[in-house]
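K.L.:
structure for this input, please:
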Amino acid sequence: MNEVENSAARQGEEGAAADKKAYASPTLTLFGHVAALTQGSGCSASNDGTTCPASGGGTTMGMASDRRLKQDIVRIGDHPLGFGLYLFSYVPARRAEYGDGRYLGVMADEVELVMPEAVTTRADGFREVRYDMLGIKPQMH
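P.N.:
Numbers count the residues shown, from 1 in each chain. A predicted model of the protein is given here:
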């Protein structure tokens, strides 16, 4: 190898080393234990002291789960049946009715594809979901 080739090889090695040093591991934000929120079979006490809710129970009343009623939607996990679990806020026009905060829940359109019996359409045209049929306890965060 001549001097030019040696110099290029050293620069390549230095560049690769710099690339490795520049990588920073991403930060993971935990919003809760999905198994606990869905009462999944893997639900158990964890190292951080979080425990699972009692199984069974739940409301038989539907919860407003129409995507059109929600904003700031962030998918945080998957239900065992294949639809998403989300954090969201209700749109300002509906906060007096449903609450002002961050909630954990589902989207009716996704649930309807795998468990249509858990979804109903209200008189106002918005869909709601029977969370108790999904094994989910709706929660505010």
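
K.L.:
by mean pLDDT, flag the weakest helix or strand of the chain.
P.N.:
Using mean pLDDT, DSSP states H and E, the weakest-scoring helix or strand in the chain turns out to be helix 34-38, at a mean of 50.

K.L.:
what ranges does this protein have for its strands?
P.N.:
63-64, 70-78, 84-90, 103-105, 119-121, 127-129, 139-140 (DSSP state E).

K.L.:
now mean pLDDT too, for these, in a markdown table please.
P.N.:
Shown next, in a markdown table, are the strands of the chain (pLDDT from 0 to 100):
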| stretch | mean pLDDT |
| --- | --- |
| strand 63-64 | 86 |
| strand 70-78 | 95 |
| strand 84-90 | 94 |
| strand 103-105 | 91 |
| strand 119-121 | 95 |
| strand 127-129 | 95 |
| strand 139-140 | 64 |
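
K.L.:
mind putting those strands in a markdown table, mean neighbour count and distance to Leu113 included?
P.N.:
Glycine gets a C-beta too; all of them are placed from N, C-alpha and C. Formatted as a markdown table, those follow (neighbours: other C-beta atoms under 10 Å; distance: least, C-beta to C-beta, whole Å):
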| stretch | mean neighbour count | distance to Leu113 |
| --- | --- | --- |
| strand 63-64 | 19 | 18 |
| strand 70-78 | 14 | 14 |
| strand 84-90 | 19 | 11 |
| strand 103-105 | 21 | 16 |
| strand 119-121 | 16 | 9 |
| strand 127-129 | 21 | 12 |
| strand 139-140 | 12 | 23 |
